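Trainee: only geometry, no sequence info:
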Ligand SMILES: NC(=O)C1=CN([C@@H]2O[C@H](COP(=O)(O)OP(=O)(O)OC[C@H]3O[C@@H](n4cnc5c(N)ncnc54)[C@H](O)[C@@H]3O)[C@@H](O)[C@H]2O)C=CC1
Ligand SMILES: O=C(O)C1=N[C@H](C(=O)O)C[C@H](O)C1
């Protein structure tokens with residue numbers, strides 16, 4: 001890589017946006033060119049480097065998404081589904097690449113992202129940490145071997161500010177089970193239980209959600225069989241794992257043709 005790649009950060013005022021700006025600050029080739037956030041945010045006009053704790057960088061937070069399309073080679077997005085949708089629309093006429101970690105997208109928003117990926121490379125991952133993506137592969141293997149002998153449950157825990165449930169990572173781990181077993185996740189997922197629900201139906205995948213305090217992110221895939229159980233667990237204790245993973249994906253994208261990629265592609269786990 002011989003020229004600095006200009007990177008935009010969308011959702012720059014949030015927990016992940018600030019962590020990504022920190023990760024970019026340490027990167028030898030990628031540099032922050034634009035920092036965007038929601039219209040009406042009290043942080044618009046703030047110096048993004050100061051906000052992220054890396055010192056003034058003269059990149060002020062803006063709600064003008066046309067700047068992302070004009071002044072970036074790639075945008076890293078950790079915002080909200082509506083923010084991702086507006087970004088996708090703003091980038092459509094450009095050839096700017098996209099890395100997005102926003103979770104909780106509805107089917108229509110997901111379809112727009114897929115459309116964008118027909119004209120430039122896009123990495124979308126519910127979790128950019130290396131460890132979680134290793135867990136995705138371990139889950140596929142365990143599902144292939146233990147299906148039929150074990151009940152599969154996915155338990156996740158996050159901080160009290162998180163707005164979507166189950167987490168994107170929990171759903172990705174459920175998808176890993178379904179990929180291994182050639183199933184449709186919507187057909188087998190059980191996302192809530194309450195009252196006199198009867199015995200557990202065979203072949204379902206249960207999801208349990210914990211929310212509290214400052215938990216960064218914890219996921220367990222439980223394979224509960226007769227007389228034994230396997231638990232595949234990941235615990236994040238810092239958001240920098242996600243941020244450095246997203247920056248790694250942005251650098252990787254530079255060499256890729258148009259298409260929709262996952263963090264397992266970036267890590268060569270496919
Ligand atoms: N894929 C991964 O590895 C990870 C994904 N996430 C996901 O990233 C997203 C953000 O998480 P946090 O940073 O913790 O949330 P946060 O609430 O701290 O930050 C979200 C930011 O997005 C901004 N925003 C909201 N609506 C917007 C809009 N319409 N346009 C532009 N900006 C908008 C907010 O003002 C805020 O600055 C969530 O969906 C979360 O689940 C979080 C951590 C890791
Ligand atoms: O909102 C968060 O914080 C996180 N969200 C992602 C998810 O929904 O899986 C990833 C990580 O666990 C943190």
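Mentor: Received it, and whenever you're ready, just let me know what you need. Fair warning: this is a prediction, and the values are worked out from it, not measured in the lab. Ligands and ions are numbered 1, 2, ... in the order given.
Trainee: Quickly note the distance from residue 218 to residue 245.
Mentor: According to C-beta to C-beta, to the nearest Å, residue 218 stands 17 Å off from residue 245. Yep, even glycine has a C-beta here, placed from its N, CA and C like the rest.
Trainee: Settle it for me: which of the two has more neighbours?
Mentor: residue 245 (25 against 17; other C-beta atoms under 10 Å).
Trainee: Quick check: the more buried one is in a helix.
Mentor: Yes: assessed by DSSP: H, G, I helix; E, B strand; the rest coil, residue 245 belongs to a helix.
Trainee: OK, contacts around residue 193?
Mentor: residue 206 (C-beta atoms under 8 Å, 6 or more residues apart in numbering).
Trainee: so where is the chain shaky, pLDDT-wise?
Mentor: 1-3 (pLDDT under 70).
Trainee: Tell me where it has strands.
Mentor: All strands of the chain, identified by DSSP state E, fall at 5-10, 30-36, 61-62, 74-77, 97-100, 121-124, 150-158, 189-190, 205-211, 217-225, 229-236, 259-261.
Trainee: Quick one: distance of the first one to the chain centre.
Mentor: Here strand 5-10 is found 17 Å from its chain centre; the criterion is C-alpha atoms, centre = their mean, to the nearest Å.
Trainee: Ok, the fourth one next?
Mentor: Computed by C-alpha atoms, centre = their mean, the separation of strand 74-77 from the middle of its chain amounts to 12 Å.
Trainee: Report all helices and strands that it contacts.
Mentor: strand 5-10, helix 81-91, strand 97-100, helix 240-253 (3 or more C-beta pairs under 8 Å, 6 or more residues apart in numbering; DSSP states H and E).
Trainee: near ligand 2, which residues of the stretch 101-250 of the chain show up?
Mentor: Selection of the stretch 101-250 of the chain residues close to ligand 2 by C-beta under 6 Å from any ligand atom yields 103, 126-127, 158, 162, 167-169, 217.
Trainee: want to throw these into CSV with neighbour count and distance to ligand 1?
Mentor: As requested, those are exported to CSV (neighbours: other C-beta atoms under 10 Å; distance: C-beta to the nearest ligand atom, whole Å):
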residue, neighbour count, distance to ligand 1
103, 24, 4
126, 21, 5
127, 26, 4
158, 25, 8
162, 17, 6
167, 24, 7
168, 19, 6
169, 25, 7
217, 23, 7
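Trainee: ok, of those residues, which one's closest to residue 81?
Mentor: Of all those, residue 81 sits closest to residue 103, with 8.3 Å by C-beta to C-beta.
Trainee: my guess is that closest one meets residue 164, correct?
Mentor: Yes: Residue 103 lies in contact with residue 164 (C-beta atoms under 8 Å); the separation is 5.4 Å.
Trainee: my guess is residue 33 meets residue 8, correct?
Mentor: Yes: with contact defined as C-beta under 8 Å, residue 33 and residue 8 form a contacting pair (6.2 Å).
Trainee: With neighbour numbers in mind, choose between the two.
Mentor: residue 8 (28 against 21).
Trainee: Before I go, just wanted to say thanks for your time.
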